[in-house]
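[1] pasting the sequence and the predicted coordinates here, then a few questions.
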Amino acid sequence: MNKLKVAVSMIHGKTIWGYIFLEDNCRAQDLLNDERKFIPLNILRDDRGIKTQDEYKIMMIHKDSIMTLEEL
């Protein structure tokens, strides 16, 4: 399992920075195009600059609410 740092821009304008988890030999594109409706994101901070105190804070994001996902 690999961890990839990303910025996720949501359709409502919010941006969230964090990590997604990918299987070996899997790309972010593969994760976005698979059959799952939600992806887990280990949140680092949001667009207000708020950092999480808990490194294990996970948010489940519905793929239909993602406008862009950028690898950092």
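    Nice, thanks for sending it over.

[2] touching, Leu72 and Lys3? I think so.
    No: counting by CB atoms under 8 Å, Leu72 stays clear of Lys3, with 11.7 Å between them. Where C-beta positions appear, they are placed from N, C-alpha and C, glycine not excepted.

[3] now the lowest-mean-pLDDT helix or strand in the chain: buried residues?
    Per-element confidence for the chain was summarised using mean pLDDT, DSSP states H and E. The lowest value among helices and strands belongs to strand 38-46, with a mean of 87. Judged by neighbour count using 16 or more other CB atoms under 10 Å, the buried positions of strand 38-46 are 39, 41-44, 46.

[4] tell me the one of these nearest Asp64?
    Proximity of these to Asp64 (CB to CB) peaks at Ile39, which lies at 11.2 Å.

[5] quick check: the closest one touching Asp30?
    No: distance between Ile39 and Asp30: 11.3 Å, which falls outside the contact criterion (CB under 8 Å).

[6] for the residue nearest to the spatial centre of the chain, name its beta-bridge partners.
    When the chain is reduced to its mean C-alpha position, the closest residue under CA atoms, centre = their mean turns out to be Leu41, at 4.1 Å. The partner list for Leu41 in beta bridges (DSSP bridges) reads Met59.

[7] where's it relative to Glu71, distance?
    Using CB to CB, to the nearest Å, we find Leu41 at a distance of 13 Å from Glu71.
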